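Participant: Next come a sequence and a model predicted from it.
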Amino acid sequence: GENVEQHPSTLSVQEGDSAVIKCTYSDSASNYFPWYKQELGKGPQLIIDIRSNVGEKKDQRIAVTLNKTAKHFSLHITETQPEDSAVYFCAARRDGNEKLTFGTGTRLTIIP
Amino acid sequence: NAGVTQTPKFRILKIGQSMTLQCAQDMNHNYMYWYRQDPGMGLKLIYYSVGAGITDKGEVPNGYNVSRSTTEDFPLRLELAAPSQTSVYFCASSYSGRSNTEAFFGQGTRLTVV
């Protein structure tokens, strides 16, 4: 089955700087890669996703890049703000598979 | 819209007790999932359902049971609680299992077994 590895497990960034979280996946047939943000005491919430026919996708301060050949994808947050502090999860899935496989999460702390 | 609603939010169980974690969604989603979240371990799939009357095992189903008698509800049953089941449990739903369909999560149930 699919295996998703996520790094780093914790990340502290000065407010205003950029943060990058990286994930690798094992199943070359995976074609959908969402990122979820989990705030304290809440369930994960989708913030951005990308399909394998696209190399990059942006939404304001958030971007995701995908390298299919190397089987890795990354989340980039620019101009970080205190409200970006949360746990971030990457995930992977392929068509025909009902299940998302999640990474182990990254706790991002923005230092004011 | 309520989205995905889980009850209770917190529960303490004694070893050997049983309980049912409730999950309901009002989005008419076909697919529903139960995950457990342990520190540093991400989200592990316990059971999932692709529609009423259909359930299937995920990665870590032992010690749990589910049922899906309606589209809206997907309860998770613990029959003989064990300390290893101490975790945060999340229910999720999606319109379909197609790869680009967003999954919506509930707020979680924090369960402690003592």
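Facilitator: Sure, I can see it. Numbers count the residues shown, from 1 in each chain, chains lettered A, B, ... in the order given.

Participant: tell me the SS of A:Ile50?
Facilitator: strand (DSSP: H, G, I helix; E, B strand; the rest coil).

Participant: Which residues of chain A lie near chain B?
Facilitator: The interface of chain A toward chain B, taken as Cβ under 8 Å from any Cβ of the partner chain, is made up of A:6, A:9, A:31-32, A:34, A:36, A:41-46, A:49, A:51, A:89, A:93-100, A:102-105. Placement of C-beta: from N, CA and C, glycine included.

Participant: ok, which stretches of the chain are strands?
Facilitator: All of this is about chain A. A:4-7, A:10-14, A:19-25, A:32-38, A:45-51, A:56-59, A:62-67, A:72-77, A:86-92, A:101-102, A:106-111 (DSSP state E).

Participant: Can you look at chain B instead?
Facilitator: B:4-7, B:10-13, B:19-25, B:31-37, B:43-51, B:54-57, B:64-66, B:76-78, B:87-94, B:104-105, B:109-113.

Participant: Quick check: which of the ones you listed is nearest to A:Ala70?
Facilitator: strand B:43-51 (24.2 Å; Cβ to Cβ).

Participant: And the contacts of that closest one?
Facilitator: Here strand B:43-51 makes contact (Cβ atoms under 8 Å, 6 or more residues apart in numbering or on different chains) with A:44, A:89, A:98-100, A:102, B:30-38, B:55-61, B:64-66, B:68, B:71, B:74, B:76, B:89-90, B:97.

Participant: List the pairing partners of that strand within its sheet, with orientation.
Facilitator: Within its sheet, strand B:43-51 is paired with strand B:31-37 (antiparallel), strand B:54-57 (antiparallel), according to DSSP bridges.

Participant: Pick the most deeply packed of the ones you listed.
Facilitator: A comparison of these by mean neighbour count, using mean count of other Cβ atoms under 10 Å in any protein chain shown, puts strand B:31-37 on top with a mean of 25.

Participant: Residues contacting that strand, please?
Facilitator: With contacts defined as Cβ under 8 Å, 6+ apart, strand B:31-37 is touched by A:98-99, A:102, B:21, B:23, B:25, B:43-51, B:58, B:60, B:64, B:66, B:68, B:74, B:76, B:87-97, B:101, B:103, B:108.

Participant: Please indicate which of the residues you listed are buried?
Facilitator: Neighbour-count burial within the contacts of strand B:31-37 applies to A:98-99, A:102, B:21, B:23, B:25, B:43-49, B:58, B:60, B:64, B:66, B:68, B:74, B:76, B:87-94, B:97, B:101, B:103, B:108; the criterion is 16 or more other Cβ atoms under 10 Å in any protein chain shown.

Participant: Show the model's pLDDT score for residue 48.
Facilitator: Going with chain A. Model confidence at A:Ile48, expressed as pLDDT, equals 95.

Participant: sorry, should have said chain B
Facilitator: Model confidence at B:Tyr48, expressed as pLDDT, equals 95.

Participant: How about it: which residues does it bridge to?
Facilitator: According to DSSP bridges, the residues that bridge with B:Tyr48 are B:Tyr33, B:Asp56.

Participant: try A:Leu75
Facilitator: As for beta bridges, A:Leu75 partners with A:Ile21, A:Val64 under DSSP bridges.

Participant: Residue numbers of chain B in contact with chain A?
Facilitator: By the rule Cβ under 8 Å from any Cβ, the part of chain B lying against chain A is B:4, B:31, B:33, B:35, B:40-43, B:45, B:48, B:50, B:56, B:58, B:90, B:92, B:97-100, B:102-108.

Participant: Show me where chain B dips below the pLDDT cut-off.
Facilitator: Within chain B, the segments meeting pLDDT under 70 span B:1, B:97-100.
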